[in-house]
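Peer 1: Any chance you could fold what I've pasted below:
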Amino acid sequence: MTAADHSDDLARRADALYAARTAMAEATRPPRRLGIAELIQFLNEPGRALTLEEQRALFADPKLRADFRRLKAQATMFELPALAAAGTGDVTARRFEGGSVTIHPSRVRGQIYVILRFPASAGAPRTMLLESTAGDLLKRALPAADPNGEVMMVLDERSAADAAFLRLLSDPTSTGTFVQ
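Peer 2: Got it, this is the predicted structure:
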């Protein structure tokens, strides 16, 4: 093998290596598919949220949506139904079988109190799922309850996450699920 042949072989190998690395860098990962395992994680891990793509997949697939409803029913401690006489205004108090929700402003501007009451003997749920009629799905980890079964949350209306939670909670057509 001459020096020129060796140089040509080295150039071809470097070219092939560069092409392979470029192809790998440009390749995108296939989108992660939402399945039963991810739904179980979402329902059982307070910090696990669904991405916007996962929410779209959930609402677009009737079979997956049915699986979600079944899994959610198994994990549910209490349900917050839509109000029977759902008006056009926001609500500040809701009762449900097993407890109540009260929303009221703090003396501090922009601060809102949300108080959840559960039977002390039943124990308090760890998370709350809210669903709007438009298909919004919001999950919120709940703070620990006091010995009387009361959970107090102090929310900031300027926070996008808190504002979205308050919007769904005060919407009389939204439903909620309290998960263990």
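Peer 1: C-alpha only now, for contacts and for neighbours.
Peer 2: Fine.
Peer 1: Now do the helices in the protein.
Peer 2: Using DSSP state H, the helices of the chain run over 3-26, 36-44, 52-60, 62-75, 160-170.
Peer 1: By mean pLDDT, show me the worst of the ones you listed.
Peer 2: Ranked by mean pLDDT, the helices of the chain bottom out at helix 3-26, which scores a mean of 74.
Peer 1: and F118, how many neighbours does it have?
Peer 2: 21 (other Cα atoms under 10 Å).
Peer 1: Report the contact partners of M152.
Peer 2: Y113, V114, I115, L116, P143, A145 (Cα atoms under 8 Å, 6 or more residues apart in numbering).
Peer 1: Surely L80 is in contact with T173?
Peer 2: No - using Cα atoms under 8 Å, L80 makes no contact with T173, being 10.4 Å away.
Peer 1: sorry, back to before: just the ones of the contacts of M152 in strands?
Peer 2: Y113, V114, I115, L116 (DSSP state E).
Peer 1: and of the helices of the chain, who's closest to R95?
Peer 2: helix 160-170 (12.1 Å; Cα to Cα).
Peer 1: quick one: buried residues of the closest one?
Peer 2: Using 16 or more other Cα atoms under 10 Å as the test for burial, helix 160-170 gives D162, F165, L166, R167, L168, L169, S170.
Peer 1: So G89 versus A134, what's the distance?
Peer 2: Noted for G89: a distance of 17 Å to A134, by Cα to Cα, to the nearest Å.
Peer 1: Same check on A60?
Peer 2: 13 Å.
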